[in-house]
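S.K.: Next input, structure requested:
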Amino acid sequence: MTFDVKMTQVKDFRLLAYLAADLRRSRVLLHGTSDGVSGLRLWLGVLSPRFMPVLLCRLAHGLYRWKLAPLAKMVSVLNFFLFGIEIAVRCPIGRGLFLPHTQGTVIGAWFIGENVTIFQGVTLGAKELDFSYLESSRPIVEDGVIIGSGAKVLGGLTLGSSSRIGANAVVLNDIPPGSLAVGIPAKVVERRHSDHAY
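M.R.: Sure thing, here's the model as predicted:
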């Protein structure tokens, strides 16, 4: 099955639904389960310093979609000052985003799928200056991808579903689904076929 970015991008963005999915995945990854956690108990997780950057990212993107770009930029700048993460407000990110640590992270991808984990110091962006924010110069990150700390993913490439990018790797070409890529420049060293939902 091919990953259809355009189809995924037109899905309705509902801030609370996306945040709830992010919170549930965060609980699964941090505590092993989200069973029996709902309502107020689930939403108290918003106060976690591991979750606040995701909250601000979602709020900024929501404001951007609601044609309130100046407010979106302000929220994004607040995220940068408080948590050291810079995220393009126009970048659509699927449900289940997990950011274990955020310092030094720059996210300027064209699109990020569901259940993606991005560690600290990661850069997702263009190889050269791209103030026009063109699809051809920005990475696409498919569902279930894990990007290790310090990795750089540059240019108009695709990280296939359930792929893993090793720490400090520099990715300049497409990575097939289910692959592990490491090194500078990154090379695929392992392939697997299982889906990685969490």
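S.K.: as a whole number, average confidence for the lengthiest helix in the chain?
M.R.: With residue count as the measure and DSSP state H as the assignment, the chain has helix 15-31 as its longest helix. Helix 15-31 shows a mean pLDDT of 85 in the predicted model.
S.K.: Please identify the buried residues of that helix?
M.R.: Judged by neighbour count using 16 or more other Cβ atoms under 10 Å, the buried positions of helix 15-31 are 18-29. Heads up, the C-betas are built off the backbone N, CA and C, glycines and all.
S.K.: Mind putting the residues you listed into a markdown table with distance to E142?
M.R.: Formatted as a markdown table, the buried residues of helix 15-31 follow (distance: Cβ to Cβ, whole Å):
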| residue | distance to E142 |
| --- | --- |
| Y18 | 18 |
| L19 | 22 |
| A20 | 22 |
| A21 | 17 |
| D22 | 18 |
| L23 | 22 |
| R24 | 20 |
| R25 | 16 |
| S26 | 20 |
| R27 | 23 |
| V28 | 20 |
| L29 | 19 |
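S.K.: and which of the residues you listed is nearest to T117?
M.R.: The nearest member of the buried residues of helix 15-31 to T117, counting by Cβ to Cβ, is L29 at 7.6 Å.
S.K.: ok, that closest one to G121 distance?
M.R.: L29 sits 19 Å away from G121, taking Cβ to Cβ, to the nearest Å as the criterion.
S.K.: go on, G94?
M.R.: Note on G94: its distance to G121, by Cβ to Cβ, is 22 Å.
S.K.: How about M74?
M.R.: For M74, the distance to G121 equals 25 Å [Cβ to Cβ].
S.K.: same check, this time on Y18
M.R.: Using Cβ to Cβ, we find Y18 at a distance of 25 Å from G121.
S.K.: Same check on V75?
M.R.: The spacing between V75 and G121, counted by Cβ to Cβ, is 22 Å.
S.K.: just checking, what packs against the helix or strand harbouring V189?
M.R.: In the assignment (DSSP states H and E), V189 maps to strand 187-191. Using 3 or more Cβ pairs under 8 Å, 6 or more residues apart in numbering; DSSP states H and E as the contact criterion, the neighbours of strand 187-191 among helices and strands are strand 179-182.
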